[in-house]
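Engineer: no letters, just coordinates:
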């Protein structure tokens, strides 16, 4: 069974690019049966993951936790916490909205997990903060575990 | 919710302002019952890109600037290509221009469908957002997503993928779609065109506040039909100039309170770009079907009510499908996917009509093609001054409304512009201060 790993974020907005960095590291490990995708428009996820068996999304979160905190959440049957994930914007949807809209429309994958990494700064720039850089390796491990969990 | 400040002023803060993203804030100050100030503080990613384009190769801007926005990457790619080709003295053959127009139709469809159905319509129907709307109107949300999907299909075929197309290069494309591939999209596009017509009828029935913009409207006008992938600049007061003169006419001023630059014509006159300007200046170039849809929706030769921009977007949706089908039907292939664009020292200008308005690029190249300077003027920064003026007038007439209602109305007024505030992680906070 092929799983899909999605890195969500914008690489030129500091820590917001951590999801992209993590999935690139995972892709470099060439895990068996895993497709890797980089996405910066959560609205596109409604089509991307519809009908998939197992999807893991790696995304930055802003929830007033310690920067660099890594959380793994199974959102197959429950919502993303409203604190942490933006609902959306004037011309884009946020991940939380994409998940719930997919749920409302019957487009969720069979299993959907989210690995969230608490950001420190999303100021313009391509560098991750020290705290978030230190969280990249643990996030790679968390993403690999989430991929294995769904495949089991 | 209302907070009392230590200064004694009352502040109404709506956080987060749903469906507005970006690292910005809107602040309205009301003193003695009069609006004294309206400020939009906005961060603009293009400014950051201008700096790091310097020193890069002339072939790179289409791929680099596409990253500015996940919703309108094609606009950035197309304006970049035109500007680089202009600097190098190259004009692409008509087949390449047509294929660019087809790709751009895909982006208009994706962007307009998303904005109409998931971001703007909930305002008019009294929902907090698309999730609440989906609970009551699943069929409508599904129709919006089907429209967006048709745009994705076009983008994927012509651009290589639906977000950040990879098939675009300076001089044209890497690979041409085959006629068979293009024709395979026809059934989906025809169905979606019917959905777009139904969309016009649906949104035309919404209630629109009375509001008229007085600002000058600016859009491209093209000999190849309703302006999308190029043209020269025209305005509602009769201005007409080449894109090469854009930076002579449009003066950007730095506003101290914001990262954003405010663009004004001749440094004085605020103006509006986007669907309303395009429609008001170019509706005579719409296809028959789109013009009939506009007429049935009650649009006249001009539309100056920003709340009706949702209707104009729907009409443009019909047009984009019509154009896509027309281009596909007439497609006879091209001799090569791209023409060579050898580097040359000079300055080049390019402008196209992004879904939310005119997008201008200017590059200065060294003789080996190294970029010496880059200027990107996105639609939202051109609209900023007018947005503030609109909000000033709009709030002044609605001070009798309660805080929550006024806040909602202001949010809606901002959304009329579909502002590309920032493709990032934060919300716009709206604050109304009364004293």
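Structural biologist: Good, I have the coordinates. Computed from a predicted model, the values in this text were never measured in an experiment.

Engineer: check which helices and strands the one helix or strand residue A:71 maps to is in contact with.
Structural biologist: Element membership of residue A:71, judged by DSSP states H and E, is strand A:70-74. Counting contacts by 3 or more C-beta pairs under 8 Å, 6 or more residues apart in numbering or on different chains; DSSP states H and E, strand A:70-74 is packed against strand A:111-118, helix A:136-151. (C-beta placed from N, C-alpha, C; glycine too.)

Engineer: ok, residues contacting that strand?
Structural biologist: Here strand A:70-74 makes contact (C-beta atoms under 8 Å, 6 or more residues apart in numbering or on different chains) with A:61, A:65, A:80-81, A:111-118, A:135, A:138-139, A:142, A:145-146.

Engineer: ok, and of those, which contact chain B?
Structural biologist: Counting by C-beta under 8 Å from any C-beta of the partner chain, nothing from the contacts of strand A:70-74 sits close to chain B.

Engineer: and the spatially most central residue of chain B, what's its pLDDT?
Structural biologist: Compute the mean C-alpha point of chain B, and by C-alpha atoms, centre = their mean the closest residue is residue B:356, 1.3 Å away. Predicted confidence (pLDDT) for residue B:356: 91.

Engineer: I'd say it and residue B:72 touch.
Structural biologist: Yes - here residue B:356 reaches residue B:72: they are 7.2 Å apart, a contact under C-beta atoms under 8 Å.

Engineer: name the SS class of whatever residue of the stretch 51-200 of chain B ends up closest to chain A, please.
Structural biologist: Going by C-beta to the nearest C-beta, chain A is nearest to residue B:70 of the stretch 51-200 of chain B, at 3.8 Å. Here residue B:70 is recorded as coil under DSSP: H, G, I helix; E, B strand; the rest coil.

Engineer: quick one, what contacts residue 138?
Structural biologist: With no chain named, the answer covers chain A. With contact set as C-beta under 8 Å, 6+ apart, residue A:138 has these partners: residue A:70.

Engineer: sorry, should have said chain B
Structural biologist: By C-beta under 8 Å, 6+ apart, the residues touching residue B:138 are A:104-105.

Engineer: on that earlier part again, run a quick neighbour tally on the residue of the stretch 51-200 of chain B closest to chain A.
Structural biologist: 19 (other C-beta atoms under 10 Å in any protein chain shown).

Engineer: pLDDT score for it?
Structural biologist: Residue B:70 carries a pLDDT value of 71.

Engineer: go ahead and flag the most central residue of chain A.
Structural biologist: Nearest to the mean C-alpha position of chain A, by C-alpha atoms, centre = their mean, lies residue A:58 at 2.2 Å.

Engineer: from chain B, how far off is that one?
Structural biologist: 14 Å (C-beta to the nearest C-beta, to the nearest Å).

Engineer: from what I see, that residue and residue A:23 are in contact.
Structural biologist: Yes - using C-beta under 8 Å, residue A:58 makes contact with residue A:23 at a distance of 5.7 Å.

Engineer: can you pull the residues that touch both of these two?
Structural biologist: In contact with both residue A:58 and residue A:23: A:5-7, A:143, using C-beta under 8 Å, 6+ apart.

Engineer: straight-line length of stretch B:340-355, end to end?
Structural biologist: Stretch B:340-355 has an end-to-end distance of 29 Å (C-alpha to C-alpha, to the nearest Å).

Engineer: residue B:113 and residue B:151 touch, don't they?
Structural biologist: Yes - with contact defined as C-beta under 8 Å, residue B:113 and residue B:151 form a contacting pair (6.3 Å).

Engineer: neighbour count winner among these two?
Structural biologist: Counted by other C-beta under 10 Å, residue B:113 and residue B:151 do not tie: residue B:113 has more neighbours, with 29 against 26.
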